[in-house]
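Colleague: Predicted model and sequence follow; I will ask about them next.
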Amino acid sequence: MAVGIGAKHSLELLESLPAGIIHLNAEREVLAMNDYARAVLPIDVKKPFGKLVSAFHKARSRSKVDSLLDETAACPMSQQTSLTMMIDIPDRMLLIKLSQLKNEAHAPTGYALIFFDVTRYVTEKHMDGETPRDANPFQLNHLPTLVDRGVRFVSVSAITCLESNAHATRVFTADGVRMCNLSIGDLHEKLDPRQFLRVHRRYIVNLAHVTGLARVGSRTHLMLAGPDSPEVPVSRDSLPALKQALRIATRG
């Protein structure tokens, strides 16, 4: 099992981790990187030098990377200048920080992309020994969320549900709602399916926080614990799996 993120203060954690540094030009092509980045990233496979940095990521994540670069260029002090995502590296979760670079005349010249490998602090390996070879070998036990221009890691046990919000995800807890830069698709792959169930294309729920089911016309909604928790719609296709997970006998 991984070391919990709460074992160290966030600042102390990042200070203790080596940083990967990548230099991008104004066209967002990879120019150079430090030795640690070369050691962590699949350089031989991706051959990123001279290519757009978005090509380094999964196809479904490229628009998110481009959006981050656009936002950083438009507003360098934006609260969205931190990004946590998985790229095409097995067993890795990277916290990415991005900053636009300018010359003496304040003209943009490129970007500095800095990443920290936080995998061991936010994940744990599958414990049942029955994970298929092509499945993700680890699961998230903490989620990175954005708070006050910084990243705070939330224990997955505290999460009531997740709601898709474009390329990001809204994270509902008893303490309120936060934003996570991982997509709901990424989270669906990395959360324990015994604890979390995707009941709708836009929602994943923590089964431990479900308080009941309700019918609204021909539709089914989930009721969740917590003052800010939404009524979650349940798709017709996911209803049998939900009932089985909640040990509710399926009728008719």
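Modeller: Structure received. Numbers count the residues shown, from 1 in each chain.
Colleague: which regions of the stretch 151-252 of the chain sit below the pLDDT cut-off?
Modeller: Across the stretch 151-252 of the chain, the ranges flagged by pLDDT under 70 are 248-252.
Colleague: now the stretch 1-150 of the chain
Modeller: Counting by pLDDT under 70, the stretch 1-150 of the chain shows low-confidence ranges at 1-14, 72-90, 125-137, 149.
Colleague: can you map out the strands along it?
Modeller: 20-25, 30-33, 82-85, 94-102, 108-117, 123-125, 138-140, 142-147, 150-155 (DSSP state E, counting those that start in this stretch).
Colleague: just so I have it, where are all the strands in the stretch 151-252 of the chain?
Modeller: Counting by DSSP E, counting those that start in this stretch, the strands of the stretch 151-252 of the chain are 159-165, 168-173, 176-180, 196-200, 203-206, 210-216, 219-224, 232-234.
Colleague: quick check: angle from the first one to strand 196-200?
Modeller: Relative orientation of strand 159-165 versus strand 196-200 (axes from the mean of the first three to the mean of the last three CA atoms, to 10 degrees): 40 degrees.
Colleague: ok, and what's touching strand 159-165?
Modeller: 143, 169-174, 179-180, 183-184, 187, 196, 201-206, 209, 224-226, 229-230, 232 (CB atoms under 8 Å, 6 or more residues apart in numbering). For glycine as for every other residue, the C-beta is placed from the backbone atoms N, C-alpha and C.
Colleague: Give the buried subset of those residues as a PyMOL selection command.
Modeller: Filtering the contacts of strand 159-165 down to the buried ones (16 or more other CB atoms under 10 Å) takes a single PyMOL command:
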select buried, resi 143+169+170+171+172+173+180+183+184+187+196+202+203+204+205+206+209+224+226+229+230+232
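Colleague: Save the strands of the stretch 151-252 of the chain as CSV, and put in distance to Ile43 too.
Modeller: Conversion of the strands of the stretch 151-252 of the chain to CSV gives the following (distance: least, CB to CB, whole Å):
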stretch, distance to Ile43
strand 159-165, 33
strand 168-173, 29
strand 176-180, 28
strand 196-200, 34
strand 203-206, 34
strand 210-216, 45
strand 219-224, 44
strand 232-234, 42
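Colleague: Of all those strands, which one is nearest Phe49?
Modeller: Phe49 lies closest to strand 168-173 among the strands of the stretch 151-252 of the chain, at 29.5 Å (CB to CB).
Colleague: Now find how far off-centre that closest one is within its chain.
Modeller: The chain centroid and the centroid of strand 168-173 are separated by 10 Å under CA atoms, centre = their mean, to the nearest Å.
Colleague: Same question for stretch 37-46.
Modeller: 21 Å.
Colleague: again, but for stretch 161-173
Modeller: Distance, centroid of stretch 161-173 to centroid of chain: 10 Å (CA atoms, centre = their mean).
Colleague: cool, stretch 36-51 as well?
Modeller: 22 Å.
Colleague: next one: stretch 187-207
Modeller: Centroid separation for stretch 187-207 versus its chain: 13 Å, with CA atoms, centre = their mean.
Colleague: Keeping just the C-alphas, turn it into CSV.
Modeller: In CSV, the C-alpha atoms belonging to stretch 187-207 read as follows (Å, rounded to 0.1, in the frame of the first residue of the first chain):
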residue,chain,number,x,y,z
LEU,A,187,-10.8,8.5,-12.7
HIS,A,188,-13.1,5.7,-13.7
GLU,A,189,-10.0,3.7,-14.8
LYS,A,190,-8.1,4.4,-11.6
LEU,A,191,-10.7,4.0,-8.8
ASP,A,192,-11.5,0.8,-7.0
PRO,A,193,-14.6,-0.6,-8.8
ARG,A,194,-15.7,-2.3,-5.5
GLN,A,195,-16.1,1.2,-4.0
PHE,A,196,-16.9,3.4,-7.0
LEU,A,197,-19.5,2.8,-9.7
ARG,A,198,-20.1,4.8,-12.8
VAL,A,199,-23.9,5.1,-12.9
HIS,A,200,-24.2,7.7,-15.6
ARG,A,201,-21.8,9.1,-18.3
ARG,A,202,-21.4,12.2,-16.1
TYR,A,203,-21.4,10.6,-12.6
ILE,A,204,-19.4,8.2,-10.5
VAL,A,205,-20.6,7.5,-7.0
ASN,A,206,-19.0,6.2,-3.8
LEU,A,207,-21.2,3.3,-2.9
